[in-house]
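Peer 1: structure for this input, please:
(one chain, ligands or ions: 1)
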Amino acid sequence: MRTAEHPSIVSSTDEPSKSAPKRRHSSIDERRVLLCSIASDAHSWNLVYVQLLLEELGYQVNNLGPCTPEALIVDECVRTRPGVLVVSTVNGHGMIEGQPLARALRRHPRLHHLPMVIGGKLGVDGASAPMLQRLIDAGFDAVFDDSRTDLVEFTELVNRLTRPVADAPPGNHRLTPGTTSR
Ligand code: B12
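Peer 2: This is a model prediction of the structure:
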């Protein structure tokens, strides 16, 4: 759904989860971002741009580069335990390829709670809200199509997703799969 707070972000439901927020594994580094693309996408300046943006905000970014194989993304998420996974893609296939990628990540027993977002130029012919919703349904916490979103919304969300649990106000549900906002 599109939220009133972030009208151009298609994000998962705002409804509070019934379950208590879950504490993530202690080895997770909240300030570490794993950045990647999708397997078909050869564009690289989008990745450089997003990396520099996040580094300026103080994140340590591990950029896996373009044409990122799904298996590598899963393995690196498990190995490096990032605070958030950011998928950047602009060739127009993100809408399609992002879905099996999200499902593969969510299927892994150690990645149920990994905050993950996707953004860029996601479709070849624009990006309708129902299309973006499919990426949320597949497992992404938020979707940013560059025809609808600005980078301020993205950086605000990353800050929120990676806030240490101890600093989060009561009722923060960011650790529940499929939920980004309170
Ligand atoms: C350079 C370029 C290439 C180069 C890439 C070289 C390289 N090493 O990167 C080459 C020639 C290889 C190339 C190939 C192709 N390209 Co090209 N390419 C471009 C071009 C001209 C510039 C891209 C660029 O570097 N931009 C600079 C970066 C910094 O900006 P950006 O990519 O727009 O990213 C911004 C946003 O999208 C956003 N963003 C990106 N990721 C994320 C992630 C998050 C989370 C968030 C919040 C925001 C965000 O932030 C960035 C900064 O504002 C664009 C057109 C254009 N003017 O944008 C087409 C473009 C991306 N290419 C396009 C296409 C179709 C192709 C090809 C399929 C062409 C072909 N028929 O072969 C192939 C695909 C190859 C592949 N397998 O992926 C289309 C994609 C269409 C779509 N999505 O609807 C574009 C948009 C051109 C067009 N108007 O049709 N391309």
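
Peer 1: so where's this protein shaky on pLDDT?
Peer 2: 1-27, 164-182 (pLDDT under 70).

Peer 1: now do 80
Peer 2: 1-29, 163-182 (pLDDT under 80).

Peer 1: how about the strands in it?
Peer 2: 10-11, 29-36, 60-63, 82-89, 116-120, 142-145 (DSSP state E).

Peer 1: packing partners of the fifth one?
Peer 2: This points to strand 116-120. strand 82-89, helix 94-107, strand 142-145, helix 151-161 (3 or more CB pairs under 8 Å, 6 or more residues apart in numbering; DSSP states H and E). (C-beta placed from N, C-alpha, C; glycine too.)

Peer 1: ok, now with 7 Å
Peer 2: strand 82-89, helix 94-107, strand 142-145 (3 or more CB pairs under 7 Å, 6 or more residues apart in numbering; DSSP states H and E).

Peer 1: now mean neighbour count and distance to S128 too, for these, in TSV please.
Peer 2: Shown next, in TSV, are the helices and strands packed on strand 116-120 (neighbours: other CB atoms under 10 Å; distance: least, CB to CB, whole Å):
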stretch	mean neighbour count	distance to S128
strand 82-89	26	17
helix 94-107	19	9
strand 142-145	27	9
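
Peer 1: how about those in a markdown table, adding distance to E55?
Peer 2: Formatted as a markdown table, those follow (distance: least, CB to CB, whole Å):
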| stretch | distance to E55 |
| --- | --- |
| strand 82-89 | 12 |
| helix 94-107 | 23 |
| strand 142-145 | 18 |
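
Peer 1: among those, which is nearest P130?
Peer 2: helix 94-107 (10.7 Å; CB to CB).

Peer 1: roughly how far out does the closest one sit from the chain middle?
Peer 2: 11 Å (CA atoms, centre = their mean, to the nearest Å).

Peer 1: any part of that helix near the ligand?
Peer 2: No: using CB under 6 Å from any ligand atom, helix 94-107 never reaches the ligand; the gap is at least 7.9 Å.

Peer 1: thanks a lot, see you next time.
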